[in-house]
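Undergrad: Provide a 3D model corresponding to the input given below.
(one chain, ligands or ions: 2)
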Amino acid sequence: MTIALHGMGVSRGIAIGSVHIIEHDQLDIHEFSIPKESIEYEVQRFEKAVTSARQQLRAILNHIPETTNADIAAFIDTHLLMLEDTSLTHEPTRLIRELACNAEWALKLQRDVLVSVFDEMDDAYLRTRKDDVDYVVNRIQRILLNQTPLRHEVPDNRLTGYIVLANDLTPADTVLLQHNGITAFVTEYGGPTSHTAILARSLGIPAIVGLQHGLQYIHEEDLIILDGTRGVVLVDPDKQTLAHYRRLQKDEKLHYTALGKLKGKPTVTLDGIPIELQANIELPRDFETVIEVGASGVGLYRTEFLFMNRDTPPDEEEHYQTYTKVIEILHGLPLTIRTLDLGADKQVDGGRQAGPVGSNPALGLRAVRLCLKEPSLFRPQLRAIIRASVLGPVRLLIPMLSNTHELSQVLQIIAEIKSELDAQNIPYDHRLPVGAMIEVPAAAVCADVFAHYLDFLSLGTNDLIQYTMAIDRVNDEVSYLYDPLHPAVLRLIHITLQAGEKANIPVAVCGEMAGETQYTRLLLGLGLREFSVHPAALLEVKQIINNSELAPLKRLAQMALNARNGIEVAEIMAAVNK
Ligand code: PEP
Ligand code: MG
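TA: Residues are numbered from 1 along each chain as shown. Ligands and ions are numbered 1, 2, ... in the order given. Model (predicted):
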């Protein structure tokens, strides 16, 4: 009998295949006393295990094709770096000698110390680091215990075509699984904005998270259908269902081939209104895809990656060289460089002194707040962006502004840097456009005031929704409240668009909402004329825009602004997307 289980679809697409279950069972570690004369042997046993763990990770790294997203290698690099860290590699040897105990026990004690430090912190990013510690420690423990690595942890083509089911997966697991050819995955835990979910989307693997009791109903080698778009898993499907989903799979392929034909075509509504369709970028290698999908520019270049996985922040020259390369690749397409947005769920390393983490990091010292507090992070980046502006059409974007005092401070620093450059005879574009992310409700309500001082605005709906709904965007327990269609959110978007229109400056949406096709028409109806989306979503958004007529959408968007409950919103959205 076919059974259907429901979770959250976090990466779309249909996969049909047999199941491989990954269970991260707790390793059974016991304490033993080691006789004095064997202590050095025990220390060596530990050191050898660390060396083997390094070799295993390097082997995995070497098997990753060059074309794979750089994030993937970065995860494994992080684990390799941890294996160089003395707190993980030297401290256990000290414990073996001091307590005369076995290597496994010493490593467990040290793991508990490291994890308890992370446990005391509220920061979501640091919690991710805790998982990394466990990942590396478990790898060493399995070597010490002479256990074979889990099947997906070594290059293994027997997993090709499988759909993986696990209670949870780390981003590192996801990377290894994709590398081993799995077609999709489903987990019992996790939220739509977890690292793992984001990775699945960027790797293009259909995925579902939060499939509760999956392990109770699904067994090794069961045949399942995973529908990542709808968040449904069908276990043991009958012939008819299988045939239906195989057809859907084929249709999907045809759909993507058809989308390819839109490359190079203009983005324009049925009533002839041209729409700007740009791309969001994180890593320099993603810039190639901007060209591939025919984006009209980069509406959001998140520069956080420049600060990650390193001990010191990049200096002005490194920033400048990076932007220079990117401008070359873009060949005259506009590039919107967002200044550093660290803090909250994003990395806090990159040379920044890790200060105390507040109990609400999303409401704490992040983005422009952090930059204004630490000019040594901010100034070199601003100088580099301003210098690079002479090389191509660059725009400078400031994240997370809450009031105009912050804006004046930023504009003051920009003015000072320009005077310095003038004094040094260094060229730059004197009309370099400066814009702000509107992602704090206070800034959206006062968008007209911000618009007065700026050349463009960009709505960061990911944060705008988080702050409007008072929910942490990485907390899956409240993710049901993350509602882009809440009239409060729509009204803030509308207020911002109107402010831009009045001030005659462009307003874009660069949050995830801009790339989710169910919202494309509503955003058009609200007055949006500039979208910046994940490159993978660009052609689908273009297809919707090119098949939309603005006049009826304006009327429906007005109704959505005044909807009183979810049922009314659903009815309006059905008409919008008809
Ligand atoms: C946003 O908040 O919508 C946004 C685009 O910025 P980020 O996701 O990087 O916070
Ligand atoms: Mg944001």
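Undergrad: what confidence value was assigned to the closest residue to A49 other than its chain neighbours?
TA: Nearest non-adjacent residue to A49, counting by Cβ to Cβ, 6 or more residues apart in numbering: I143, 4.3 Å away. The way it works is simple: take the backbone N, C-alpha and C, and place the C-beta from them, glycine included. We note a pLDDT of 90 for I143 in this prediction.
Undergrad: do E120 as well
TA: 74.
Undergrad: quickly note the distance from it to ligand 1.
TA: Distance, E120 to ligand 1, using Cβ to the nearest ligand atom, to the nearest Å: 25 Å.
Undergrad: phi first, then psi, for that residue.
TA: phi -80, psi -10 (degrees, to the nearest 10).
Undergrad: how about the strand or helix carrying the residue nearest to A49 and ligand 1, touching?
TA: I143 belongs to helix 124-144 when assigned by DSSP states H and E. No - in terms of Cβ under 6 Å from any ligand atom, no part of helix 124-144 sits within range of ligand 1; the closest distance is 12.7 Å.
Undergrad: so after that helix, what's the next helix or strand?
TA: Downstream of helix 124-144 (by DSSP H and E), the next one is strand 163-166.
Undergrad: so what touches that next one?
TA: 15, 17-24, 152, 173, 177, 182-188, 214-215, 218, 224, 226 (Cβ atoms under 8 Å, 6 or more residues apart in numbering).
Undergrad: make it 7 Å
TA: 15, 17, 19-22, 177, 182-187, 214-215, 218, 224, 226 (Cβ atoms under 7 Å, 6 or more residues apart in numbering).
Undergrad: which members of the residues you listed occur in strands, if any?
TA: A15, G17, V19, H20, I21, I22, A184, F185, V186, T187, I224, L226 (DSSP state E).
Undergrad: break this structure down into its domains, please.
TA: If you go by automatic domain parsing, the domain ranges for the chain are 3-21+159-244, 36-144, 268-545.
Undergrad: now do the helices in the stretch 1-150 of the chain.
TA: 39-63, 70-82, 86-89, 91-99, 103-119, 124-144 (DSSP state H, counting those that start in this stretch).
Undergrad: among those helices, which comes closest to ligand 2?
TA: helix 124-144 (14.2 Å; Cβ to the ion).
Undergrad: flag the shaky bits of the stretch 351-500 of the chain, pLDDT-wise.
TA: For the stretch 351-500 of the chain, the stretches with pLDDT under 70 are 351-359, 476.
Undergrad: so for stretch 56-65, mean pLDDT?
TA: pLDDT averaged over stretch 56-65 gives 74.
Undergrad: can you check stretch 74-93 too?
TA: 85.
Undergrad: follow-up on the earlier one: the domains of the chain into JSON lines, with extra columns for mean neighbour count?
TA: Formatted as JSON lines, the domains of the chain follow (neighbours: other Cβ atoms under 10 Å):
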{"stretch": "domain 3-21+159-244", "mean neighbour count": "20"}
{"stretch": "domain 36-144", "mean neighbour count": "17"}
{"stretch": "domain 268-545", "mean neighbour count": "19"}
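Undergrad: need these in CSV with distance to I29, can you?
TA: Output for these, formatted as CSV (distance: least, Cβ to Cβ, whole Å):
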stretch, distance to I29
domain 3-21+159-244, 20
domain 36-144, 5
domain 268-545, 30
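Undergrad: related to what we said a few turns ago, from the contact counts, what lies against the helix holding I143?
TA: helix 39-63, helix 70-82, helix 103-119 (3 or more Cβ pairs under 7 Å, 6 or more residues apart in numbering; DSSP states H and E).
Undergrad: out of these, nearest to T339?
TA: helix 70-82 (21.4 Å; Cβ to Cβ).
Undergrad: quick one: distance of that closest one to the chain centre.
TA: 16 Å (Cα atoms, centre = their mean, to the nearest Å).
Undergrad: which non-adjacent residue is nearest K108?
TA: Nearest to K108 is I29, by Cβ to Cβ, 6+ apart, at 4.7 Å.
Undergrad: list phi and psi for that neighbour.
TA: The phi/psi pair for I29 (degrees, to the nearest 10) is phi -110, psi 130.
Undergrad: quick check: which element contains E328?
TA: With DSSP H and E as the criterion, the answer for E328 is helix 316-330.
Undergrad: which residues are contacting that helix?
TA: 284, 287-288, 290, 298, 306, 335, 337, 380-381, 383-385, 387-388, 391-392, 394.
Undergrad: quick one: average confidence on it?
TA: 95.
Undergrad: got it, and stretch 513-532?
TA: Averaging pLDDT residue by residue across stretch 513-532 gives 96.
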